[in-house]
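*Asks:* please find the sequence and the predicted model below.
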Amino acid sequence: MSTVALKEVTKIWPDGTTAVDNVSLDVQDGEFMVLLGPSGCGKSTVLRMIAGLEDPTRGDILLNGEPVLELPPRDRSIAMVFQDFALYPHMTVSENIGFPLKLSGIEPAPRQERVDAIAGALGIGEVLARRPSQLSGGQRQRVAMGRAMVRRPGIFLMDEPLSNLDSGLRAELRAEITSMTRELGVTTMYVTHDQAEALTMADRVAIMRKGVLQDVGTPTEVYRRPATLYVAAFLGSPKMNLLEAAVYVHLDRYIALSFGEQTLYMPWNDPRARAVARYHGERIVVGIRAEALTPVTPDTQGHVFQGRIRYLEHHGHESLAYLDIGATAIVVDEMSGPVTETRTGGGFRKALQRLTGQAPEPVAPQGRVGVLSEVGKHHRKPAELAVRLAPYPAIGSGHPLAVSVRMEAVHFFDERGDRIDVGWR
Ligand SMILES: Nc1ncnc2c1ncn2[C@@H]1O[C@H](COP(=O)(O)OP(=O)(O)OP(=O)(O)O)[C@@H](O)[C@H]1O
C-alpha cells in the first residue's frame, strides 16, 4: 500500500519565487497521477519535495499516511526517473539494472532473476549484455526505468522521462510505462507539459499554473468539465473557442448571451440558467469546443452562429474551418497571473438591482483583478471560431457557413476564470 498526500504545500525559493503555492493533493494506492502544466509552473518542485530533495517552506507531505519531512530521501521507498538520466557506461545493461540490488547486498542469482523479469517487462531482454553506448535512446530510457523499478519502490516519480525521445518512440513508451506500472501496481506520479501524454496515460490529471493547482480529475472530467478557464484553454486540440459574452436575463423565459453581432438564447429550464443569471448585465466567457459545433444549412433555427470562413486548415483526417462570427475571443496566457483571485463585483446583487429596476450601487474593486481585467486589451481579439469539417471540403475562404451549437456542451466561466455552474462534478 503506497499513497502520497500533499497538505497545503508551499515552496518559496530564497529569491522570493513562489514555485508551489498551497497545493493539496491525494494520490491513491496504485494510481497513475500526471502533473501537467507549462514550463516553470512548479511540477518538478512538487516531485522533488516528495522525493525529499527539497524541503517545503510550509505544509506537510505524507507517504502511506505518515509525515515524511524528517525522513531522508533513501528512507522514503521512492524511485525517481528524470529526463536526463545517467547510466554507468562501463557496465552492461544487466549490471546497470541490477546495480541497486547489488548495493543492497542481494545475491547474484535472485538479483539476476529480478533483472530478467523487469527487462522482459520493458522489452529489453535481448540487449542485457550490451553497454549503454550500444543502445538506442528509447532502450537507454527503458534501462533507466528498469534500474529505478528493480528495487520495487512503493512510489515511482517520473519527471518528463520521454522528452528527449522522438514522437514515435514517445507514443510507444507511453503505453509501455502505463502498462508496466499498472501491472506492478506501483503508485506513480508523472510530470509532463504535454497534454496528449497526460490525457492518454493518467488515471487522474492534476493541472498546475504558476504554482497553483487548477484542477484534479480523470482525463474525461478535466476535458469535459474543466474547473477553470485556464484548464479549458490549456486542454484540447484545436483549443477551446473562448468567446466573450454579455448576459441579459429575461426572467422565467430565457437568458440572452450576446456575442456582439450574434446572440444565443439559453432556455430558462437549462440546469445552468440560474447560475448564469447571476451575471445579468456582466461579461462572462463562453467556452465552446470544436466538437460542439456542427455545420448546418443557413436557414436552420435554434442555437446557430452565422459565420464566414476566414481560413481552412487541413489535417488529413479532418479539416478545420476558422469562422469570423463578429465575436470577441479571450486569449488565456499560460504564464500570466493566477486566476484564483477575489471577485471584483457583487454580480448577484447587481443583477437583482437591475431586475428590480434600481440603479446598482457602485462597487469598489475588492482584492486583486480577475482574468478578464488582467488580460486587458492585448488578450482580446476578433474570434476565429474553430469548427471541424470533413477532410478537404468543397468550400473555402470567404464562404458563408452556419454552425449549430450544442448548448449542453457549452462552458461558462466568470471574470476570475472560475467555472460558473457550481456543483458540477
Ligand atoms: N533551485 C531553484 N532556485 C530558485 N528558483 C528555482 C529553483 N528551481 C526552480 N526554480 C523556479 O521555480 C519555479 C518552478 O520550477 P519547476 O522546475 O518546478 O517548474 P516545472 O513546471 O517543473 O518546469 P519545467 O517543465 O521547465 O521543468 C520556476 O520559476 C523556476 O525558475
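*Replies:* Right, received. Where do you want to start? Numbers count the residues shown, from 1 in each chain.
*Asks:* residues contacting residue 111?
*Replies:* 98, 101-102 (CB atoms under 8 Å, 6 or more residues apart in numbering). For every residue, glycine as well, the C-beta is placed using N, CA and C.
*Asks:* using the three-state scheme, assign residue 102.
*Replies:* Secondary structure, DSSP: H, G, I helix; E, B strand; the rest coil: residue 102 is helix.
*Asks:* quick one on the thing from earlier: could the contacts of residue 111 go into TSV alongside pLDDT, neighbour count and distance to the ligand?
*Replies:* Shown next, in TSV, are these (pLDDT from 0 to 100; neighbours: other CB atoms under 10 Å; distance: CB to the nearest ligand atom, whole Å):
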residue	pLDDT	neighbour count	distance to the ligand
98	95	25	30
101	92	20	30
102	93	12	32
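*Asks:* okay if I get these as a markdown table plus distance to residue 226?
*Replies:* Shown next, in a markdown table, are these (distance: CB to CB, whole Å):
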| residue | distance to residue 226 |
| --- | --- |
| 98 | 45 |
| 101 | 44 |
| 102 | 47 |
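*Asks:* how many neighbours does residue 303 have?
*Replies:* Residue 303 is flanked by 19 other residues according to other CB atoms under 10 Å.
*Asks:* any figure for the gap between it and the ligand?
*Replies:* 39 Å (CB to the nearest ligand atom, to the nearest Å).
*Asks:* list the backbone torsions phi and psi for that residue.
*Replies:* Residue 303 has phi and psi values of phi -80, psi 90 when expressed as degrees, to the nearest 10.
*Asks:* just give the closest residue to it, not the sequence neighbours.
*Replies:* residue 405 (4.3 Å; CB to CB, 6 or more residues apart in numbering).
*Asks:* enumerate the residues of the stretch 301-425 of the chain near the ligand.
*Replies:* Residues of the stretch 301-425 of the chain found near the ligand (CB under 6 Å from any ligand atom): none.
*Asks:* quick one: low-confidence ranges for the stretch 301-425 of the chain?
*Replies:* Applying pLDDT under 70 to the stretch 301-425 of the chain flags residues 334-378, 422-425.
*Asks:* ok, 80 please
*Replies:* Within the stretch 301-425 of the chain, the segments meeting pLDDT under 80 span 333-378, 422-425.
*Asks:* give me the below-cutoff pLDDT ranges for the stretch 1-150 of the chain.
*Replies:* The stretch 1-150 of the chain contains residues with pLDDT under 80 at 1, 82-85.
*Asks:* for the residue nearest to residue 303, give me its contacts.
*Replies:* Counting by CB under 8 Å, 6+ apart, residue 405 has contacts 264, 288, 292-293, 303-305.
*Asks:* and the residues you listed as CSV, adding secondary structure?
*Replies:* Below are those laid out as CSV (three-state DSSP):
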residue, secondary structure
264, strand
288, strand
292, helix
293, strand
303, coil
304, strand
305, strand
